[in-house]
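> Let's see this in three dimensions:
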Amino acid sequence: MTRPDSTTHSTTRIVIGAHATTLTDDTGFESAIPVGVADLADRLFRHDPPTSLEMEQAIDRVEDALETSGLQREERGWLTTAEPLLYAALAMWADGDRMSRDEVEQWFQRLASASLGHPGALGDLPLDRRAAARLLILRECMHHLGFAGIMLGMPAA
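Okay, the predicted model is just below:
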């Protein structure tokens, strides 16, 4: 996603697939990060919620994939998604709903607390292994690549 003309006002579409996470910015530039839901949920997560060891292994896997992608951290604009399963993982339901990077981090911390043996930390957070994998990938992309937040639905062209 590194472009000389990138701005913090741009949007980037995120699609979290089974074995890759694709980022496409508003100019059409696309980058595939070689990690997806199945790579974490089916290969690393054996528990609901995942254990702290499983979470650490998943974080390492996503960080390695981000490193091999060649994408650098820079201040970026908002991510967008039209994925209903990501909507559910974030408990957001309407197009245009937004969640800042800090808010996504708070949700992730609830998952991390549950992985440490505090299942009550999840509250009403609807996270099975696949939803946990989506949240972890989203959080790592936002944290390591510098996205400001996520908006549900696709912006008008």
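> mind listing what's buried in the lowest-mean-pLDDT helix or strand in the chain?
Ranked by mean pLDDT, DSSP states H and E, the helix or strand of the chain with the weakest confidence is helix 84-90, at a mean of 72. Going by neighbour count (16 or more other CB atoms under 10 Å), the buried part of helix 84-90 is 86, 87, 88, 89, 90. Just so you know, the C-beta spots here come from the backbone N, C-alpha and C atoms, and that holds for glycine as well.
> Quick check: closest non-adjacent residue to the fourth one.
Going back to what we said before, that points to residue 89. Leaving aside its chain neighbours, residue 89 sits nearest to residue 131 (4.1 Å; criterion: CB to CB, 6 or more residues apart in numbering).
> Contacts for the least confident helix or strand of the chain next, please.
For helix 84-90, contacts defined as CB atoms under 8 Å, 6 or more residues apart in numbering pick out 14, 16, 81, 93, 99, 104, 107, 126-127, 130-132, 134-135, 138, 150, 152.
> Need the three-state assignment for the residue nearest the centre of the chain.
Residue closest to the average C-alpha location in the chain (CA atoms, centre = their mean): residue 138, at 0.6 Å. Using DSSP: H, G, I helix; E, B strand; the rest coil, the three-state assignment for residue 138 comes out as helix.
> show me the contacts for it.
Residue 138 neighbours (CB under 8 Å, 6+ apart): 14, 16, 79, 86, 89, 90, 104, 150.
> can you put these in JSON lines and add distance to residue 60?
Formatted as JSON lines, the contacts of residue 138 follow (distance: CB to CB, whole Å):
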{"residue": "14", "distance to residue 60": "21"}
{"residue": "16", "distance to residue 60": "18"}
{"residue": "79", "distance to residue 60": "22"}
{"residue": "86", "distance to residue 60": "22"}
{"residue": "89", "distance to residue 60": "21"}
{"residue": "90", "distance to residue 60": "23"}
{"residue": "104", "distance to residue 60": "19"}
{"residue": "150", "distance to residue 60": "23"}
